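*Asks:* Generate coordinates for the sequence data below:
(one chain, ligands or ions: 2)
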Amino acid sequence: VIEQVKAREIFDSRGNPTVEVDVILSDGIRGRAAVPSGASTGEKEAVELRDGGERLQGKGVATAVKNVTTEINAALRGADPFNQAHVDQIMIDLDGTPNKARLGANAILGVSMATACAAALETHQPLYRYLGGEDLELPQTFHNVINGGEHADNGIGMQEFLITAVERTSFRDGFEKIANTYHTLKKVIEDAGFTTGLGDEGGFAPDLNSSEEALKMLREAIVKAGYEPGKEIAIAFDAAASYFYNDQTKNYDLEGTTYTPDELSDYYGKLLDEFPEIISVEDPYDENDWENFEKFTQKYGDRVQIITDDNICTNPKLIRQAIKDGMANAILVKLNQIGTVTETLEAMRLARKNGYNTMMSHRSGETEDTFLADFTVATNAGQLKSGAPARSERVAKYNQLLRIEEELGQDGTRLAKFPNEVDAD
Ligand code: PGA
Ligand code: ZN
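*Replies:* Ligands and ions are numbered 1, 2, ... in the order given. Purely as a prediction, here's the structure:
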């Protein structure tokens, strides 16, 4: 049983405080997990509790830590770590708000993840096996290699430009191709006279003036690295359009041009024509602009994967609505948007049952914790985005996938297909 739940304030990849939790079982086994943090957060995300005030620019998490060591610790003492749903429900009830605002989603998620880690250790299984059982596959990974929007200080309005290895014989093979492309991209950027400093997710952040320039550079890097764009290495982007939406005018102000929603759709269409190697588009419209998001999916949903992130925030209720409305054909999954392992699993089941692809995601603020890699394999999520093949908090996840592949590879690795084979029932 759970004997004690401890927590502490540690620091994430941006130097901001975050919560780390230890769940200690009665036989001394200790599960540990750390919580990530976003920058382009959706309005409907569960609440990340920050202290406010002077200390650490108001971003301290001492209150969340205290909530773990006092209330949550008292409520979970004696609970069964193998009953994840029960542990999570105890915390949801204890919190008592619809968005985990009282105890903090950062407090609750830390405990939820650390509980799974402790239970896995207790059974002497790796986390991916404990959570996932048999018949597991390695995901197709998407790597943010040019950062813009809220993740970088440059003139690129869209947030993420990602590359993914479509053709690969193993996860390692795909990752090597990505690493080669990444290093070639650095040269391409240097040769064009731009700096090669990195953004929050390990991608380059050259001071380009447009998303189109970023896409051109990506294609050049793929070709120069010796790969066929679209066939071997494909491209994806996350527009994170909430961050260039103009609330007053209901238009989109992107890179010096104002677009009506229809004009923006045409602009995206132009990019898809010009760059047929684009296979996935995330958040093309504002998080509350469901109508134009849906229109976009009607128009382009057969051509590319369309991911909804900020509109649904890994929330089963919102996902149900999005499915009913035909908003997208894939969801982004972030554990800390909803705040427990159990609710995240429910969100994923719901999406896949309805033919939606699932892409697991890191946050722009990350730690060295590799829970995400195990969770992606355990759930057969199919896809994962966890940043560039650089910066240790990003690479930690990929290195863990390399280890998992080594373990699973003994019976031949199963690789996720794109688009995913979704559940039949
Ligand atoms: P975030 O960005 O972690 O800053 O929210 C990731 C995303 O928008 O997909
Ligand atoms: Zn996003």
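*Asks:* switch to C-alpha atoms for all contacts and neighbour counts from now on
*Replies:* Fine.
*Asks:* Direction included, what does the helix or strand hosting S280 pair up with?
*Replies:* Assigned by DSSP states H and E, S280 belongs to strand 278-282. Partners of strand 278-282 in the sheet, by DSSP bridges, are strand 233-238 (parallel), strand 305-308 (parallel).
*Asks:* Show the average pLDDT along the shortest one.
*Replies:* When you say that, I think you mean strand 305-308. Strand 305-308 carries an average pLDDT of 98.
*Asks:* does that strand come close to ligand 1?
*Replies:* No. If you take CA under 6 Å from any ligand atom as the test, strand 305-308 misses ligand 1, and the best it gets is 9.3 Å.
*Asks:* Could you say which of the strands paired with strand 278-282 is packed most deeply?
*Replies:* Highest mean neighbour count of the strands paired with strand 278-282: strand 305-308, a mean of 27 (counted as mean count of other CA atoms under 10 Å).
*Asks:* what's the following helix or strand after that strand?
*Replies:* Once the chain leaves strand 305-308, the next helix or strand it forms, by DSSP H and E, is helix 316-325.
*Asks:* Would you mind listing the outside residues contacting that next one?
*Replies:* Residues outside helix 316-325 that contact it (CA atoms under 8 Å, 6 or more residues apart in numbering): E294, N311, I312, A328, E343, E346, A347, L350, A351, N354.
*Asks:* tally of neighbours for the third one?
*Replies:* So the one you mean is I312. Residues within reach of I312, counting by other CA atoms under 10 Å, total 26.
*Asks:* Give the closest residue to it in space, chain neighbours not counted.
*Replies:* L318 (5.1 Å; CA to CA, 6 or more residues apart in numbering).
*Asks:* same thing with the first one?
*Replies:* Of all residues not flanking E294 in the chain, M327 sits nearest, at 4.5 Å (CA to CA, 6+ apart).
*Asks:* would V21 count as being in a strand?
*Replies:* Yes. Under DSSP: H, G, I helix; E, B strand; the rest coil, V21 sits within a strand.
*Asks:* give me phi/psi at the residue lying closest to it once chain neighbours are set aside?
*Replies:* Of all residues not flanking V21 in the chain, A7 sits nearest, at 4.2 Å (CA to CA, 6+ apart). The phi/psi pair for A7 (degrees, to the nearest 10) reads phi -150, psi 160.
*Asks:* swap in T376?
*Replies:* phi -60, psi -40.
*Asks:* And the contacts of the strand holding S280?
*Replies:* Against strand 278-282 from outside (CA under 8 Å, 6+ apart): 230, 234-240, 272, 303-309.
*Asks:* How about the spatially most central residue of the chain: what's its closest non-neighbour residue?
*Replies:* The centroid of the chain falls nearest to S361 when counting by CA atoms, centre = their mean (1.4 Å). Once flanking residues are discounted, S361 sits nearest to K385: 5.0 Å by CA to CA, 6+ apart.
*Asks:* How many neighbouring residues does the one you found have?
*Replies:* Counted with other CA under 10 Å, residues neighbouring K385 total 24.
*Asks:* So what pairs up with it in the strands?
*Replies:* Beta-bridge partners of K385, counted by DSSP bridges, are F142, S361.
*Asks:* check contacts around it.
*Replies:* Contact analysis of K385 by CA under 8 Å, 6+ apart lists T141, F142, H143, N144, M359, M360, S361, H362.
*Asks:* That one and ligand 1, how far apart?
*Replies:* In this view, K385 and ligand 1 are 8 Å apart by CA to the nearest ligand atom, to the nearest Å.
*Asks:* What pLDDT is listed against that residue?
*Replies:* 98.
*Asks:* tell me the contacts of the residue in the stretch 251-400 of the chain that ligand 1 sits nearest to?
*Replies:* Closest residue of the stretch 251-400 of the chain to ligand 1, CA to the nearest ligand atom: R363 (3.3 Å). For R363, the contact set (CA under 8 Å, 6+ apart) comprises P36, S37, G38, A39, K334, S386.
*Asks:* and if you look at V422?
*Replies:* Contacts for V422 were tallied using CA under 8 Å, 6+ apart; they are R352, K353, G355, Y356, N357.
*Asks:* tell me which element the first one falls in.
*Replies:* For R352, the element it lies in under DSSP H and E is helix 341-353.
*Asks:* export that helix as CSV, just CAs?
*Replies:* Taking C-alpha atoms only, helix 341-353 is exported to CSV below (Å, rounded to 0.1, in the frame of the first residue of the first chain):
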residue,chain,number,x,y,z
VAL,A,341,-3.2,9.3,-15.7
THR,A,342,-6.7,7.8,-15.6
GLU,A,343,-8.4,10.8,-17.4
THR,A,344,-5.6,10.9,-20.0
LEU,A,345,-6.2,7.2,-20.8
GLU,A,346,-9.9,7.9,-21.0
ALA,A,347,-9.3,10.8,-23.5
MET,A,348,-7.1,8.5,-25.6
ARG,A,349,-9.6,5.7,-25.7
LEU,A,350,-12.4,8.0,-26.6
ALA,A,351,-10.4,9.5,-29.5
ARG,A,352,-9.2,6.2,-30.9
LYS,A,353,-12.6,4.6,-30.6
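*Asks:* Please state the offset of that helix from the chain centre?
*Replies:* 15 Å (CA atoms, centre = their mean, to the nearest Å).
*Asks:* tell me the angle of that helix relative to helix 316-325?
*Replies:* 10 degrees (axes from the mean of the first three to the mean of the last three CA atoms, to 10 degrees).
*Asks:* Outside of helix 341-353 itself, list whatever touches it.
*Replies:* Here helix 341-353 makes contact (CA under 8 Å, 6+ apart) with 84-85, 88, 109, 112-113, 314-316, 319-320, 323, 330-331, 333-335, 338, 357-358, 379, 381, 422-425.
*Asks:* Could I get the average pLDDT for that helix?
*Replies:* Across helix 341-353, the average pLDDT comes to 98.
*Asks:* List the buried residues for that helix?
*Replies:* In terms of neighbour count (16 or more other CA atoms under 10 Å), helix 341-353 has its buried residues at V341, T342, E343, T344, L345, A347, M348, R349, L350, A351, R352.
*Asks:* Just flag the most distant two among the contacts of V422.
*Replies:* Spatial extent of the contacts of V422 (CA to CA) is set by the pair K353 and N357 at 9.6 Å.
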